[in-house]
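Asker: Mind looking at a prediction? Sequence and model below.
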2 protein chains.
Amino acid sequence: MSGSDAVRDAVREVAGRAKQAARALATAPRDQKDAALTALAQALVANADRIVAANTEDLERGARTGLAPNLADRLRLDEARIGGIADAVRDIVRLPDPVGEVVRGSTLPNGLTLRQVRVPMGVIGMVYEARPNVTIDAAALALKSGNAAVLRGGSAAESTNTVLVGLIREALESAGLPADAVATIDPWGREGVQHLMRARGLVDLLVPRGGAGLIKTVVENSTVPVIETGTGNCHVYVDASADQAMALEVTMNAKLRRTSVCNAAETLLVHADAAQTFLPAVLSALAGQEVRIHADARALEIARQAGVKAEPATEEDWYTEYLAAEIAVGVVDSLDEAIAHIRTYSSGHTEAILTSDLRAANRFTAEVDSAVVAVNASTAFTDGAQFGLGAEVGISTQKLHARGPMGLAELTSTKWIVTGDGQTRP
Amino acid sequence: MSGSDAVRDAVREVAGRAKQAARALATAPRDQKDAALTALAQALVANADRIVAANTEDLERGARTGLAPNLADRLRLDEARIGGIADAVRDIVRLPDPVGEVVRGSTLPNGLTLRQVRVPMGVIGMVYEARPNVTIDAAALALKSGNAAVLRGGSAAESTNTVLVGLIREALESAGLPADAVATIDPWGREGVQHLMRARGLVDLLVPRGGAGLIKTVVENSTVPVIETGTGNCHVYVDASADQAMALEVTMNAKLRRTSVCNAAETLLVHADAAQTFLPAVLSALAGQEVRIHADARALEIARQAGVKAEPATEEDWYTEYLAAEIAVGVVDSLDEAIAHIRTYSSGHTEAILTSDLRAANRFTAEVDSAVVAVNASTAFTDGAQFGLGAEVGISTQKLHARGPMGLAELTSTKWIVTGDGQTRP
């Protein structure tokens, strides 16, 4: 047996055990699932020392191997962060169980009753980068929605994730649920992911969460169903009719609330009729927050007149998700031009219009083809918790199955239940 | 440029034009879409002669190249069948428009209003085998749900499909909609399908409909989102407590109503306590309809005693979707054994239990993981029209996005529309 075959067999063994465990999860009542989650929240707090010790190992290894500072920050856990993760689990306990919800139902003319009911997907694979909080979030959401989870959490977090997955499995067992419902394939590294992506029949859904490269690899190589998440090249368009004070506040919030997250704005488009008054104000404000500005010719000229430093935007800039204090700024002559620009360059995550013109608002929301379109509101609201869905497993930018923030309902499928008294079809 | 590059460019050109046309479809009001569909229904009837002439060409070519008789039958169109196809289009006209339906909505504590609204997927690719009625069904369903469609209808039907796609495009133009919203890639044959499957960013959803080989190829090679349809290894389980007269009628209907369709039963499982009385009756009835019987050891012995011809079932039989007058028959000692058998061998399409025991009914519907589970009803009801969804584009056997019959709603995605008056996120 070659090394690759051994890895394949090992990954399929983990996924197969998860599939077996998923059967128990699928019919487990809410009380039992919530008991496991409550036990997990308690165990996280009670074992904070062990978690921090393992995390320190990961951070030290990261320091030796040159892990970037922003990645080290996402990897780092301390007592406060662990408390926050435990609180998030308790929030999930409070959410209603999506399993069993009747989505549609009817009685047919022949007396058959029909119910379309939410059921778990089965086994959910999660492939993400070294963020240990995602390990707990993903496992807790999968568990609450009656699914098993197979996790690949990134080599840089391996020691931390080993402890966390151990705690999850103990919590499952303490509630009488099978430990195999949550497992990691981290020991098999990147090669393991290749086999997880092709474990058709064992994995019902694969959710990649992380950088564009990771997501592209998973989308292009999976034979199991995938939901593409997270790339957010979000736009703010300031219409001619916008309330400019509002537009300034929303633009600053969308760009700067947190620059490293997918709902942050990356491009600002301004209608030519508003540009002479709005751009000097917003460019000065952005520059004042040390935002690097990439401007098209007209915006560049206005920046120059306003004494704001800016550099010419390249074609590449319009496609870029900076995830940093940088922004591309362009002037458009019409709503049509703004919509066309967004259609060309957007990743389909979130776009906002600032306007007081009802027709412009309606056209923007109808014609912009993104997961979330906002009128006079910050792009930063695209988030499962903000939308009232509870926690989220990611933000889908594809159109199949789920679009936008993915909460518990998005981790379920449905099943039709037909009940009769002997009906046959003519 | 190699031949393959030329095919890729040609297919991407067709898909790109469809994507462009999809924008007009997405915001077209129902009246306009219905006008195009009504014009299409009229054109089908008015051009029946042309369609039959093209179909005759296909049939003659098929006769020369050895097309199987059952495939020739599916390919054949006459005036009556064309009338039926036109009626199906008129049925779609009468269905409500799924686009714009508000799925969820709320007002957040900060005053933001949230609506999750159905929107078209965009461009839907359909790959199917030489059944010209699917050309019209698929195009009509795509159009009604605001989508563009790129069709690959099988070389054996190429002449027929050329005429049909021409009529669809004329109907679109007659209603002021872009002709490019429906196009065929038949001229580029199988190689064209390879490029359609990889046209990420141009095709939003690919639905393969046809034999298991076609579906497997599409599922395993696509980089665009796919919905797996149609394989139906459906089971009927007769519980110890079943009303045996009812069970006999339902079994015969499930197996014999139409043997070539995916909702036909392929395996009959009988509880040991019912086997001695039920099997002689059902096996005699099946044999009386010239059904070939593959039986496990116990069923074989009962068949022998009843003087019914049967042969030993192989492991392969339990996996087989016969799509013919054949059935696999087994005896199980418990509901658990029946459920375990179905979990192992089923394709996840439709399974029925015959029982008068409420607990057995509830366990079967909860624990059998298929798109449709039926209690005391024939598997033959799994059908979009029977379920009251109107026409169907196929029956999904996967869990992502759609499960079971796919009607108009299943050809849509959703979009979140957020409306505020300047809200920013703290």
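Answerer: Yes, it's here. Numbers count the residues shown, from 1 in each chain, chains lettered A, B, ... in the order given.

Asker: Look up how far chain B lies from A:Asp369.
Answerer: Using CB to the nearest CB, to the nearest Å, we find A:Asp369 at a distance of 7 Å from chain B. Every C-beta, even on glycine, is put in place using the N, C-alpha and C of the backbone.

Asker: That should have said A:Arg403, apologies.
Answerer: Shown here: A:Arg403 relative to chain B, a distance of 5 Å by CB to the nearest CB.

Asker: what's the nearest residue to that residue if we skip its chain neighbours?
Answerer: On the basis of CB to CB, 6 or more residues apart in numbering or on different chains, the spatially nearest residue to A:Arg403 that is not a chain neighbour turns out to be A:Ala371, at 4.7 Å.

Asker: Could you check the pLDDT of the one you found?
Answerer: Here, the pLDDT recorded for A:Ala371 equals 97.

Asker: OK, contacts around it?
Answerer: With contacts defined as CB atoms under 8 Å, 6 or more residues apart in numbering or on different chains, A:Ala371 is in contact with A:Gly348, A:His349, A:Thr350, A:Thr382, A:Ile395, A:Ser396, A:Thr397, A:Arg403, A:Gly404, B:Lys415, B:Trp416.

Asker: Quick one: buried ones out of those?
Answerer: Buried residues within the contacts of A:Ala371, counting neighbours by 16 or more other CB atoms under 10 Å in any protein chain shown: A:Gly348, A:His349, A:Thr350, A:Thr382, A:Ile395, A:Ser396, A:Thr397, A:Arg403, A:Gly404, B:Lys415, B:Trp416.

Asker: For stretch A:187-200, buried residues please.
Answerer: Counting neighbours by 16+ other CB under 10 Å, one finds that the buried residues in stretch A:187-200 are A:Trp188, A:Glu191, A:Gly192, A:Val193, A:Gln194, A:His195, A:Leu196, A:Met197, A:Arg198, A:Ala199.

Asker: Which single residue of the stretch 51-200 of chain A approaches chain B most closely?
Answerer: Closest to chain B within the stretch 51-200 of chain A is A:Met121: 5.2 Å, counting by CB to the nearest CB.

Asker: Could you pull out the buried residues of stretch A:388-408?
Answerer: Using 16+ other CB under 10 Å, the residues of stretch A:388-408 that count as buried are A:389-408.

Asker: residues touching the closest residue to A:Arg209 other than its chain neighbours, list them.
Answerer: Once its chain neighbours are removed from consideration, A:Arg209 has its nearest residue in A:Tyr128; the separation is 4.3 Å (CB to CB, 6+ apart). Remark: with contacts taken as CB under 8 Å, 6+ apart, A:Tyr128 is in contact with A:Val134, A:Ala138, A:Leu151, A:Arg152, A:Gly153, A:Gly154, A:Pro208, A:Arg209, A:Gly210, A:Leu214.

Asker: pretty sure the fifth one contacts A:Ser159?
Answerer: Translated: A:Gly153. No. Under the criterion of CB atoms under 8 Å, A:Gly153 lies out of contact with A:Ser159, with a separation of 10.8 Å.

Asker: Neighbour count: these two, which is higher?
Answerer: A:Gly153 (25 against 20; other CB atoms under 10 Å in any protein chain shown).

Asker: Tell me, what's the model's pLDDT at the more buried one?
Answerer: The predicted structure scores A:Gly153 at 92 on the pLDDT scale.

Asker: What of A:Lys309?
Answerer: The predicted structure scores A:Lys309 at 97 on the pLDDT scale.

Asker: what's around it, how many residues?
Answerer: A:Lys309 has 10 neighbouring residues, counting by other CB under 10 Å.

Asker: And for A:Thr107?
Answerer: Around A:Thr107 there are 11 other residues, counting by other CB under 10 Å.

Asker: on that earlier part again, how far away is the residue nearest to A:Arg403 from A:Gly230?
Answerer: To A:Gly230, A:Ala371 is 11 Å away according to CB to CB, to the nearest Å.

Asker: Enumerate the residues of the stretch 201-350 of chain A near chain B.
Answerer: Proximity of the stretch 201-350 of chain A to chain B (CB under 8 Å from any CB of the partner chain) is limited to residues A:204-205, A:219-220, A:223, A:225, A:227, A:243, A:246, A:249-250, A:252-254, A:257.

Asker: Can you tell me the closest non-neighbouring residue to A:Leu335?
Answerer: A:Ala360 (5.4 Å).

Asker: just to revisit the earlier point, quick one: buried ones out of the residues of the stretch 201-350 of chain A next to chain B?
Answerer: Buried members of these, scored by 16+ other CB under 10 Å, are A:204-205, A:219, A:223, A:225, A:227, A:243, A:246, A:249-250, A:252-254, A:257.

Asker: Those residues: which two are farthest apart?
Answerer: With distance counted by CB to CB, no two of those lie farther apart than A:Thr223 and A:Asp243, which are 50.2 Å apart.

Asker: Give the next helix or strand downstream of the lowest-mean-pLDDT helix or strand in chain A.
Answerer: Taking all helices and strands of chain A together, the one with the lowest average confidence (mean pLDDT, DSSP states H and E) is helix A:212-221, at a mean of 85. Moving toward the C-terminus from helix A:212-221, the next helix or strand (DSSP states H and E) is strand A:234-238.

Asker: Please name every helix or strand in contact with that next one.
Answerer: In terms of contacts (3 or more CB pairs under 8 Å, 6 or more residues apart in numbering or on different chains; DSSP states H and E), strand A:234-238 is packed against helix A:244-256, strand A:265-271, helix A:272-288, helix A:335-345, strand A:350-354.

Asker: Now distance to A:Val99 and mean pLDDT too, for these, in JSON lines please.
Answerer: As requested, those are exported to JSON lines (distance: least, CB to CB, whole Å; pLDDT from 0 to 100):
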{"stretch": "helix A:244-256", "distance to A:Val99": "36", "mean pLDDT": "98"}
{"stretch": "strand A:265-271", "distance to A:Val99": "37", "mean pLDDT": "98"}
{"stretch": "helix A:272-288", "distance to A:Val99": "46", "mean pLDDT": "98"}
{"stretch": "helix A:335-345", "distance to A:Val99": "37", "mean pLDDT": "97"}
{"stretch": "strand A:350-354", "distance to A:Val99": "29", "mean pLDDT": "98"}
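
Asker: Check the ones you listed for me and report the most buried one.
Answerer: When the helices and strands packed on strand A:234-238 are scored by mean count of other CB atoms under 10 Å in any protein chain shown, the highest mean neighbour count falls to strand A:350-354 (a mean of 30).

Asker: how far is that one from where the chain is centred?
Answerer: Using CA atoms, centre = their mean, to the nearest Å, we find the averaged C-alpha position of strand A:350-354 to lie 19 Å away from the chain's own average C-alpha position.

Asker: That one: partners in the sheet, and parallel or antiparallel?
Answerer: The sheet places strand A:350-354 alongside strand A:234-238 (parallel), strand A:372-377 (parallel), with pairing taken from DSSP bridges.

Asker: Just send the contacts of A:Tyr128 back as TSV, with secondary structure too.
Answerer: What follows is the contacts of A:Tyr128, written out as TSV (DSSP: H, G, I helix; E, B strand; the rest coil):
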residue	secondary structure
A:Val134	helix
A:Ala138	helix
A:Leu151	strand
A:Arg152	strand
A:Gly153	coil
A:Gly154	coil
A:Pro208	strand
A:Arg209	strand
A:Gly210	coil
A:Leu214	helix
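
Asker: Quickly name whichever of those residues is closest to B:Arg304.
Answerer: Proximity of the contacts of A:Tyr128 to B:Arg304 was ranked by CB to CB; the top entry is A:Leu151 with 53.2 Å.
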